[in-house]
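Trainee: Here is my input, please return the structure:
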Amino acid sequence: MKARLDGKIALITGSGRGIGRATALKLAAEGARIVVNDLDAGPANEVVAEIKAMGGDAVACIGSVTAPDFADRFIGTAVQQYQGLDILINNAGYTWDNVIQKMSDEQWYAMMDCHLTAPFRILRAAQPVIRKLVKAETDAGQRVVRKVVNISSVAGMFGNPGQTNYSAGKAGIIGMTMTLAKEWGRLNTTVNCVAFGFIETRLTAASAGAGATANIEGREIRIGVSKELLQVLEKSIPLGRAGTTDEAAGSVYLFCTPESDYVSGQTLMCSGGLTGI
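Mentor: You can find the predicted model right below:
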């Protein structure tokens, strides 16, 4: 049986770890060629190696999505390596929390830059490439449907205490999704969004321990949640537990399949039934 995404070229930001890694492996298993991105070379190259070990094809594009030159490098990697672009997933992200009266401008802009400005730049850089590909396909009598999947959060839909910056950025990406769905329909490109609830990754895991941090763009950001808070959170989720990275990747995959070719401008919640925080 032919793989569902055989030969497709998929670009995934933040795909060296967590949900992004699971998504890269899922799409690669279905035949897609992957442009893997991570802040650090180690995790990105490990995912590339995993994909190649399973018989797939992948290349790494290292660096921060917030760097001014990243969007052109990222899109350029796909064009130079694979001569195309079929699936684009804006997944990279993290949280840097505080109540509003204690939130610095740096915290605010860090979330805006990562969750809103970076996807904007990437999509802006992708548009001329997609337009050129569509014109060539139209001239050849072909019709190819391309996919954009942006990542939001239930925090962007319902808000979350201590996350004014993150919630605002994740709400903004939903608006960007709906707008580009209207702009890019003529390019045979669907633009959808997945809003995650509580997914267990290294940034949210209770196993991270008290006071655990991760170095993200030169900043030591606190990660993980206490076991007590995790228990409270899980009680609020109708399915009674946090989601796995594979389950999160599955929801992104839905928007990448041919079955979703007539679905655009939508936001899907992958939250175990959680509809508010």
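Trainee: Please count neighbours and contacts with C-alpha atoms only from this point.
Mentor: Noted.
Trainee: Now do stretch 31-48: distance from first to last residue.
Mentor: This stretch, stretch 31-48, spans 14 Å end to end (CA to CA, to the nearest Å).
Trainee: go on, stretch 201-217?
Mentor: For stretch 201-217, the first-to-last residue distance is 18 Å (CA to CA).
Trainee: Distance check, the residue positioned nearest the centre of the chain against L11.
Mentor: Central residue of the chain (CA atoms, centre = their mean): N91, 1.4 Å from the mean position. For N91, the distance to L11 (CA to CA) stands at 10 Å.
Trainee: same thing with A195?
Mentor: Distance, A195 to L11, by CA to CA: 19 Å.
Trainee: Isn't A22 up against D246?
Mentor: Yes - contact criterion CA atoms under 8 Å: A22 and D246 qualify, at 5.6 Å.
Trainee: which one of these two has more residues nearby?
Mentor: Neighbours per residue (other CA atoms under 10 Å) separate A22 from D246, with A22 holding more: 21 against 17.
Trainee: For that one, give me its contacts.
Mentor: A22 makes contacts with 15, 245-246, 249, as judged by CA atoms under 8 Å, 6 or more residues apart in numbering.
Trainee: Just the ones of those in helices?
Mentor: 245-246, 249 (DSSP state H).
Trainee: Make CSV out of those and add pLDDT and distance to I199.
Mentor: Converted to CSV, the ones in helices among the contacts of A22 look like this (pLDDT from 0 to 100; distance: CA to CA, whole Å):
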residue, pLDDT, distance to I199
T245, 97, 7
D246, 98, 10
A249, 98, 11
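Trainee: Looking at those residues, spot the one nearest Q81.
Mentor: Nearest to Q81 among these: A249, at 24.3 Å, using CA to CA.
Trainee: What strand or helix carries V36?
Mentor: Per DSSP states H and E, V36 falls inside strand 33-38.
Trainee: next helix or strand past that strand?
Mentor: For strand 33-38, the succeeding helix or strand toward the C-terminus, using DSSP H and E, is helix 41-53.
Trainee: any weak-confidence spans in the stretch 51-200 of the chain?
Mentor: For the stretch 51-200 of the chain, no stretch is flagged by pLDDT under 70.
Trainee: Okay, strands next: where are they in it?
Mentor: 58-62, 87-90, 146-153, 189-196 (DSSP state E, counting those that start in this stretch).
Trainee: Could I get the full set of helices for the chain?
Mentor: 18-29, 41-53, 70-82, 105-112, 118-139, 154-158, 164-184, 227-236, 245-254.
Trainee: tilt between the longest one and helix 164-184?
Mentor: Same thing as helix 118-139. Angle, helix 118-139 to helix 164-184, by axes from the mean of the first three to the mean of the last three CA atoms, to 10 degrees: 10 degrees.
Trainee: picking up where we left off before, which one (most neighbours) among the contacts of A22?
Mentor: S15 (29 neighbours).
Trainee: residue contacts, that residue?
Mentor: By CA under 8 Å, 6+ apart, the contact set of S15 is 21-24, 36-38, 44, 47, 91-92.
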